[in-house]
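Peer 1: got a sequence here, can you build the structure:
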Amino acid sequence: MKYIIASVLVLCTSTILFSQHTHTGIVLDEETLQPLTGVNVSLLENQQIGTNTDDKGLFSITIASEEADFVFTYLGYEGDTVRLSPNTSYSDTIFLKSDVFQLPDVEITAQIQIIPVTRPKHSVLDFSIWNDYVVYVRYIGQKKALVLADLNGYPIFSKTIDLKGVEKLHRSCLGNLHLITGTKGVEMFIEQDTIRIGKVYDRKFYDLYLEPCVAELDDEIILRKEKDLGLRTSFKKIYKDASGSELIYSVIDEDKLRSYYDKYFLVNSNDNDAIALLQISYDDFKYLQRLEFERDFYRKIFLKGIKIPLVKMQDKLAIFDFVNGCLVFTDYDGNIGDIKDIDFHLNPDWAKTVIIDDVEQRIFTTFKKGTGKFIAEIDLNTGKCKKPLHLDSKLVKKIDIHNGQMYLLQSEAHLSYWTLNKVRL
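Peer 2: Residues are numbered from 1 along each chain as shown. As a prediction, this is how the structure comes out:
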């Protein structure tokens, strides 16, 4: 009898120890509700135990525990951890959210046809797309030439320029073009397929008025004003007749400002007028000087704010508020309409650019990785990035987009010159 009882106990114990539970489910894209193939499903406490979803998004995994936490990971999507229990009547459904941050490492060069715009070995300093023309500055020996070409790169007009320290071409919010040097700016116009040089002005005028201008309306212009190294940004609508101004939108990075004022606002010379300079010892002077240096260093290196773009669209403004993580749509008077959450700017590979195709009213952003650059269109209905396009060239100096064509100022590591190419998006 003892042997029978012992055998029953062993059998029961074995049944308990070796009982298995099967967990089944389906993994879907959160937005499209399409099944995801190849999702990795693993046990949280032992990720050596796992499986993958099939071509219908289905998975099945058998473990000893009746209830357990499972980890779901998939390239291009945010991972998730879900507690599952075995069900006999239905399978669990897991939704994964698309994540633009996991950019693909595979080079998609087969999908890209690069078309030269400038001739090989014609080194280009800068370019701009201007009213269905391409304007660029190229080197001719030690001199520089201003070239007007059609959108396919066929030269229409060329003019040698005798300016030192040429830095860039700037297309202003008023639609005209400016050639910017280290000390001055030059206004330019196109008349009968010819570039005409306008007035020459001081570089400070450009820094104060032309560069901050981000959009033109019927009777106003919109200026972006930055304070505290970009931690405070405001957009103001300025009437062209100088009759006044109105605030459109403002962004303040309060966390960084508070950190600065609490910890690093150490010396303010305006508050020390009561201290006679002759009464400060040499050691005190060096100490105050060091504190001043530390404050300026912290401001310039660690407190630099992120650029807040404003894009004028057909009947509204699109403001990329990277501080609060949202894309804000307003009318021309600043009345807020739709707001979309954005997070692509949190990607450490983000290149801090927003590019608009004025003709097609599409907006793009770029990412930089070791394998080159990626460019992705921003879905204005969701605030998310669409599938990125890979540019295998690591050296891309500038990107502009016009009527579905992407223009690239690029080079290669073994070359000493920059060429202008285009790609159809």
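Peer 1: list the contacts for the closest residue to residue 40 other than its chain neighbours?
Peer 2: In space, and not counting its chain neighbours, residue 40 is closest to residue 73: 4.7 Å by Cβ to Cβ, 6 or more residues apart in numbering. For glycine as for every other residue, the C-beta is placed from the backbone atoms N, C-alpha and C. By Cβ atoms under 8 Å, 6 or more residues apart in numbering, residue 73 lies in contact with 39, 40, 42, 79.
Peer 1: what about residue 73, distance to residue 367?
Peer 2: 21 Å (Cβ to Cβ, to the nearest Å).
Peer 1: let me see the mean pLDDT of stretch 234-254.
Peer 2: In this model, stretch 234-254 carries a mean pLDDT of 92.
Peer 1: mind listing what's buried in it?
Peer 2: Neighbour-count burial for stretch 234-254, counted by 16 or more other Cβ atoms under 10 Å, picks out 234, 235, 236, 237, 238, 248, 249, 251, 252, 253.
Peer 1: from these, which is closest to residue 178?
Peer 2: residue 238 (18.7 Å; Cβ to Cβ).
Peer 1: run through who's touching the one helix or strand that closest one maps to.
Peer 2: Residue 238 is part of strand 232-239 when elements are defined by DSSP states H and E. Strand 232-239 has contacts (Cβ under 8 Å, 6+ apart) with 214, 217, 219-227, 245-253, 257, 305, 308, 310, 319, 332-334.
Peer 1: residues in contact with the residue nearest to the spatial centre of the chain?
Peer 2: For the chain, residue 352 is the residue whose C-alpha lies nearest the centre (Cα atoms, centre = their mean; 3.9 Å). By Cβ under 8 Å, 6+ apart, the contact list for residue 352 reads 306, 307, 345.
Peer 1: in what helix or strand does it lie?
Peer 2: Applying DSSP H and E, one finds residue 352 within strand 350-357.
Peer 1: adjacent strands (with direction) for that strand?
Peer 2: The strands that strand 350-357 pairs with in its sheet are strand 362-369 (antiparallel) (by DSSP bridges).
Peer 1: rounded mean pLDDT for the partner strand, please.
Peer 2: Average pLDDT, strand 362-369: 92.
Peer 1: now that strand, how far from the centre of its chain.
Peer 2: Chain-centre distance of strand 362-369: 6 Å, with Cα atoms, centre = their mean, to the nearest Å.
Peer 1: then stretch 307-317?
Peer 2: The chain centroid and the centroid of stretch 307-317 are separated by 15 Å, computed with Cα atoms, centre = their mean.
Peer 1: now swap in stretch 185-204 and tell me
Peer 2: Offset of stretch 185-204 from its chain centre (Cα atoms, centre = their mean): 31 Å.
Peer 1: what's the end-to-end length of that stretch?
Peer 2: From its first residue to its last, stretch 185-204 covers 9 Å (Cα to Cα, to the nearest Å).
Peer 1: with stretch 220-236 instead?
Peer 2: Using Cα to Cα, the gap from the first to the last residue of stretch 220-236 comes to 10 Å.
Peer 1: now do the strands in the stretch 251-400 of the chain.
Peer 2: Using DSSP state E, counting those that start in this stretch, the strands of the stretch 251-400 of the chain run over 310-312, 317-321, 326-330, 336-341, 350-357, 362-369, 372-377, 389-391, 395-402.
Peer 1: quick check, nearest of the buried residues of stretch 234-254 to residue 28?
Peer 2: Using Cβ to Cβ, these come closest to residue 28 at residue 251, 35.9 Å.
Peer 1: what is the closest one paired to in the beta sheet?
Peer 2: Per DSSP bridges, the residues bridged to residue 251 are residue 233.
Peer 1: so what's it up against?
Peer 2: With contacts defined as Cβ under 8 Å, 6+ apart, residue 251 is in contact with 232, 233, 234, 308, 321, 323, 324.
Peer 1: tell me how far residue 58 lies from residue 41.
Peer 2: Residue 58 sits 10 Å away from residue 41, going by Cβ to Cβ.
Peer 1: over to residue 215?
Peer 2: 49 Å.
Peer 1: who has more neighbours, these two?
Peer 2: Between residue 215 and residue 41, counting by other Cβ atoms under 10 Å, residue 41 is the more crowded of the two (23 against 20).
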